[in-house]
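1. need the 3D shape of this:
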Amino acid sequence: MITLAVDCMGGDHGPGVTLPACRNFLERHLDANLLLVGLSESLASFAHERARLVAATEVVGMDDPIEVALRRKKDSSMRVAIAQVKDGAAQAAVSAGNTGALMAIARYLLKTLDGIDRPAIAAQIPNAKGTGTTVLDLGANVDCSAEHLFQFAVMGSALVSVLNSNDGPTVGLLNIGEEAIKGSDTIKLAAELLRAAASQGDLNFYGNVEGNDIFKGTTDIVVCDGFVGNVALKTSEGLATMMGNFIKLEFSRNFLTKIAGMAAYPVLKAFKNRMDHRCYNGAALLGLRGLVFKSHGSADVFAFGQALNRAYDAVQHNLLDRVQARIAHAAPLLTPAQPIAEPSATALTH
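-> A predicted model of the protein is given here:
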């Protein structure tokens, strides 16, 4: 049986979304158990033979500073859920709460894997191929060294190989151009590390890629710092929203545009569904000694269910062991990164 710990209080909607999503998940996964973590009065109405309620007395707010979440709210639903992973009661934790707080608490409780300086947030961004491009980092590390970017590539390769059944996912390094002479010194050094790793079979390095390659699906994985990655993530979400609003607009104009809109509706709807970020909800916090998945704070029932599915798949396919194995194989190249300022982990709050 696979057991997930769920922070039922996190996100913009709390139990109003997380509990229905948990019920749907249990109906679809007969080999799964859930530990539902939250305020007792908020979860009392939920009953299922494969779900157990774990009480917490505090909730981390979406706007809570990291210090408050980490040092003052020691019995929050977020912290208690991650503690279930640390203690071995659950194999993964899922939360839609404050991203900065989630990363800080997970890193404090679970610690990082040997060879990894900083955890990274990895998630899929929908692309034109109808699949998803896995991008990392998405906001945990604003300032990154070349070594950090290389570590992200190793972890991202393990993630995609597990969740997408792809033994040799291609890795692209985000740059201002494809040419090797372009980019900052950090990017150039990261490319050298990635080429060296590719030469000894640690990963499949495609080369430099540009921002549009994320949406074209040129590579399976795109590596970048958290500032750029977060911008790309929010851009993809904006595109999906814009397409939905466009479809609605075409059906609200005059008779002729309504007719034209009806003719184009199947194509427009298919494109909207392909770009629907809800289908790709569930970001992995990679580099920790335990599995933690982050749902978008505004996720609805369907989207939060997708985050649960990703956590389930990660456990089922031994993601943590696969990440550790890849890191161990790449150990000679995983030299400690040069010290730079610690990330604030607040780029993503929702």
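2. which phi and psi does Asn175 have?
-> Main-chain torsions, Asn175, degrees, to the nearest 10: phi -150, psi 170.
3. then Ala284?
-> phi -90, psi 140.
4. need the three-state assignment for the closest residue to it other than its chain neighbours.
-> Spatially, and ignoring its direct neighbours in sequence, Ala284 is nearest to Ala122 (5.0 Å; CB to CB, 6 or more residues apart in numbering). All C-beta spots, glycine's among them, are computed from the backbone N, C-alpha and C. Judged by DSSP: H, G, I helix; E, B strand; the rest coil, the three-state class of Ala122 is strand.
5. wait, Gly100 touches Glu67, no?
-> No - Gly100 lies out of contact with Glu67 (CB atoms under 8 Å); the separation is 10.4 Å.
6. now do the contacts for the residue nearest to Ala284.
-> Counting by CB atoms under 8 Å, 6 or more residues apart in numbering, Ala122 makes contact with Thr134, Val135, Leu136, Asp137, Leu138, Phe152, Met155, Gly156, Leu159, Ala283, Ala284, Leu286.
7. ok, back up a step: more neighbours, Gly100 and Glu67?
-> Ranked by neighbour count (other CB atoms under 10 Å), Gly100 and Glu67 place Gly100 first, with 23 against 10.
8. in terms of secondary structure, what does the strand or helix carrying the more buried one contact?
-> Here Gly100, judged by DSSP states H and E, is contained in helix 99-110. Counting contacts by 3 or more CB pairs under 8 Å, 6 or more residues apart in numbering; DSSP states H and E, helix 99-110 packs against helix 66-67, helix 77-86, strand 283-286, strand 291-294.
9. out of these, nearest to Val171?
-> strand 283-286 (13.9 Å; CB to CB).
10. residues touching the closest one, excluding its own?
-> Contacts of strand 283-286 (CB under 8 Å, 6+ apart): 102-103, 106, 119-123, 136, 138, 140, 152, 155-156, 158-159, 291-295, 310, 314, 319, 323.
11. just say helix, strand or coil for the closest residue to Ala89 other than its chain neighbours.
-> The shortest distance from Ala89 to any non-neighbouring residue, by CB to CB, 6+ apart, is to Leu35 (6.5 Å). When classified by three-state DSSP, Leu35 comes out as strand.
12. find me the pLDDT at Leu35, would you?
-> With respect to pLDDT, Leu35 has a value of 98.
13. one more: Ile327?
-> Ile327 is given a pLDDT of 83.
14. ok, now which ones touch it?
-> Leu113, Asp114, Gly115, Ile116, Val154, Met155, Ala158, Leu334.
15. now those residues in JSON lines, with pLDDT?
-> Formatted as JSON lines, the contacts of Ile327 follow (pLDDT from 0 to 100):
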{"residue": "Leu113", "pLDDT": "91"}
{"residue": "Asp114", "pLDDT": "87"}
{"residue": "Gly115", "pLDDT": "84"}
{"residue": "Ile116", "pLDDT": "88"}
{"residue": "Val154", "pLDDT": "92"}
{"residue": "Met155", "pLDDT": "93"}
{"residue": "Ala158", "pLDDT": "89"}
{"residue": "Leu334", "pLDDT": "66"}
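16. go through those and name the one nearest Arg23.
-> Nearest to Arg23 among the contacts of Ile327, with distances taken as CB to CB, is Ala158, at 31.3 Å.
17. which element, helix or strand, includes that closest one?
-> Under the criterion of DSSP H and E, Ala158 resides in helix 146-163.
18. go on, Ala299?
-> Per DSSP H and E, there is no helix or strand for Ala299.
19. for Ile181, find the nearest of the helices and strands packed on helix 99-110.
-> strand 283-286 (30.3 Å).
20. for burial, what's the neighbour tally of the closest residue to Pro20 other than its chain neighbours?
-> In space, and not counting its chain neighbours, Pro20 is closest to Val301: 4.8 Å by CB to CB, 6+ apart. Val301 sits with 17 neighbouring residues when counted by other CB under 10 Å.
21. how near is Val301 to Gly11?
-> 11 Å (CB to CB, to the nearest Å).
22. does Ile187 belong to a helix, a strand or coil?
-> Classified using three-state DSSP, Ile187 is helix.
23. tell me the contacts of it?
-> By CB under 8 Å, 6+ apart, the contact set of Ile187 is Ala146, Leu149, Leu173, Asn175, Asn208.
24. quick one: which of those residues is nearest to Thr57?
-> Distance to Thr57, by CB to CB, is smallest for Leu149 among these, at 40.1 Å.
25. could you count how many residues lie near that closest one?
-> When neighbours are defined as other CB under 10 Å, Leu149 has 26 of them.
26. now it: closest residue in space, sequence neighbours ignored.
-> That would be Ala190: by CB to CB, 6+ apart, it lies 4.1 Å from Leu149.
27. give me the phi and psi for Asn204.
-> The phi/psi pair for Asn204 (degrees, to the nearest 10) is phi -110, psi 90.
28. what's the distance between the residue nearest to Ala284 and Ala146?
-> Counting by CB to CB, the gap from Ala122 to Ala146 is 18 Å.
29. kindly report the same for His277.
-> 30 Å.
30. I appreciate the help and will end here.
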